[in-house]
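Chemist: Attaching a predicted model along with its sequence, questions to come.
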Amino acid sequence: MNKWILFSYHVARSSQSLRVKVWRLLKRYGAVLFKNTVYILPYSKEHEEMILWLCKNIKDSGGEASSFITESLDKEQDDEIIKTFQELCDREYCGLIETCESFIKKVERVESTQGLTESTVKGYRKKLLELTKMYAEIKKVDFFQSPQRVLAEKKLQRLQEKLEILPEKSGKEKSKLSKVYHVKDYLNKKWVTREDVYIDRIASAWFIKKFIDAKAQFVFVKKNARVLPKNTIPFDMYGSEFTHHGEDCTLEAFLKAFQINDVALQHIAEIVHDIDLKDEKYGREEAEGIERVIDGMCLKLKNDNARLEKGLETFDSLYAFYSKEK
């Protein structure tokens, strides 16, 4: 018979954050709720240590928790417990399978109608990486070889094979930027953009200050302003040269315009893209946290110059981090 760890706990209704934390940890461990009474995990030394740690945390937070190690009484009971684990994982695998099937159809549709670009293929491969990680997370807690695992693995393999044969480029991506840009031509300039600056405009202003002109000045106008201040260079505004082009956000357009090849900058540009365009093109895990920081800053600071001042510090810190990483 199999050996099991049984776990039960009680947390006050007022401790909602603790309740959510415990639920997430149990899900991460792969524990299942058996007959709506106790959580069960197959016994291992690692699982025992995790559950003991969880019990201590719950008790330290004012809750109650107990754990036991036991064996099934008979094979029928063993099979019933195993089936519960398999059904839980099968639901996760089925969700992954449906996502893979929809993704394959999307790739084939775009390939046959719009045509594929280098950036599109790159985005697809990042999505494949996300799905592969998702499969690995499910497999990690699939203790009893759930029936749907094989099909999920085949769907991922089919998607991988599909993306491997895609051309790196299907048609040249033409930039709408009109010329070759040189930093020396943009010194001591005044730049203009829309008021209520947010992630892309803040990041672009930081790029201008750090990589083009440390003395650059910025002015802000209404969203639909038809007349711009004289002798200013617009950015992130409709019709301007330095704005969104194709699938690129404004910061990405700046990097291409001035031909800046910097790994740390590329990391930042991908994060800004994912936050600004919300298309998950790069799948940057940091995007959600950084977006919250920027959201909080914008809620706190209504003045655009104040936002830029704090935003420049934020992006300086990000650049220092990614520069150290590389």
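Modeler: Great, that's in hand. Numbering: from 1, shown residues only.

Chemist: May I see the buried residues of the host helix or strand of Asn57?
Modeler: Asn57 belongs to helix 45-60 when elements are defined using DSSP states H and E. Neighbour-count burial for helix 45-60, counted by 16 or more other CB atoms under 10 Å, picks out 47, 50-51, 54-55, 58. Where C-beta positions appear, they are placed from N, C-alpha and C, glycine not excepted.

Chemist: how about these in a markdown table, adding pLDDT and distance to Cys100?
Modeler: As requested, these are arranged in a markdown table below (pLDDT from 0 to 100; distance: CB to CB, whole Å):
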| residue | pLDDT | distance to Cys100 |
| --- | --- | --- |
| His47 | 96 | 30 |
| Met50 | 95 | 30 |
| Ile51 | 96 | 33 |
| Leu54 | 96 | 33 |
| Cys55 | 96 | 38 |
| Ile58 | 95 | 37 |
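
Chemist: just curious, which of those residues is nearest to Phe321?
Modeler: Among the buried residues of helix 45-60, Met50 lies closest to Phe321 (CB to CB), at 30.8 Å.

Chemist: how about that closest one, what does it touch?
Modeler: Residues near Met50 by CB atoms under 8 Å, 6 or more residues apart in numbering: Tyr29.

Chemist: any idea whether Asp79 is helix, strand or coil?
Modeler: Under DSSP: H, G, I helix; E, B strand; the rest coil, Asp79 falls in the helix class.

Chemist: by contact count, what packs against the one helix or strand in the chain whose mean pLDDT sits lowest?
Modeler: With mean pLDDT, DSSP states H and E as the measure, the helix or strand of the chain carrying the lowest mean pLDDT is helix 118-140 (a mean of 88). Contacting helix 118-140 under the criterion 3 or more CB pairs under 8 Å, 6 or more residues apart in numbering; DSSP states H and E are the following elements: helix 75-112, helix 149-164.

Chemist: What lies in contact with stretch 210-222?
Modeler: With CB under 8 Å, 6+ apart as the criterion, stretch 210-222 contacts 183, 186-195, 197, 205, 208-209, 228-229, 232, 258, 260, 265, 304-305, 308, 312, 315-316, 319.

Chemist: distance between that stretch and the chain's centre?
Modeler: Centroid separation for stretch 210-222 versus its chain: 30 Å, with CA atoms, centre = their mean, to the nearest Å.

Chemist: Just the buried positions in it, please.
Modeler: For stretch 210-222, using 16+ other CB under 10 Å, the buried residues are 211-213, 216, 218, 220-221.

Chemist: so Cys249 makes contact with Lys278?
Modeler: No - contact criterion CB atoms under 8 Å: Cys249 and Lys278 do not qualify, at 10.7 Å.

Chemist: Tell me which of these two has more neighbours.
Modeler: Taking other CB atoms under 10 Å, Cys249 and Lys278 do not tie; Cys249 has more neighbours (24 against 10).

Chemist: residue contacts, the more buried one?
Modeler: 200, 269, 272-273, 276-277.

Chemist: Most neighbours among these, please name it.
Modeler: Among the contacts of Cys249, Val272 has the most neighbours (other CB under 10 Å), with 29 neighbours.

Chemist: any idea how far it is from Glu118?
Modeler: Separation of Val272 from Glu118 (CB to CB, to the nearest Å): 19 Å.

Chemist: again, but for Leu163
Modeler: Relative to Glu118, and taking CB to CB, Leu163 is found at 13 Å.

Chemist: follow-up on the earlier one: mind checking which of the contacts of stretch 210-222 are in strands?
Modeler: Among these, DSSP state E puts 190-194, 232 in strands.

Chemist: hmm, which two among these are most spread apart?
Modeler: The widest separation within the ones in strands among the contacts of stretch 210-222 (CB to CB) is 15.3 Å, between Lys190 and Arg194.

Chemist: What number of residues are in the vicinity of the closest residue to Ile40 other than its chain neighbours?
Modeler: In this structure, Ile40 finds its nearest non-sequential neighbour in Phe34, 4.8 Å apart by CB to CB, 6 or more residues apart in numbering. If you count neighbours by other CB under 10 Å, Phe34 ends up with 15.
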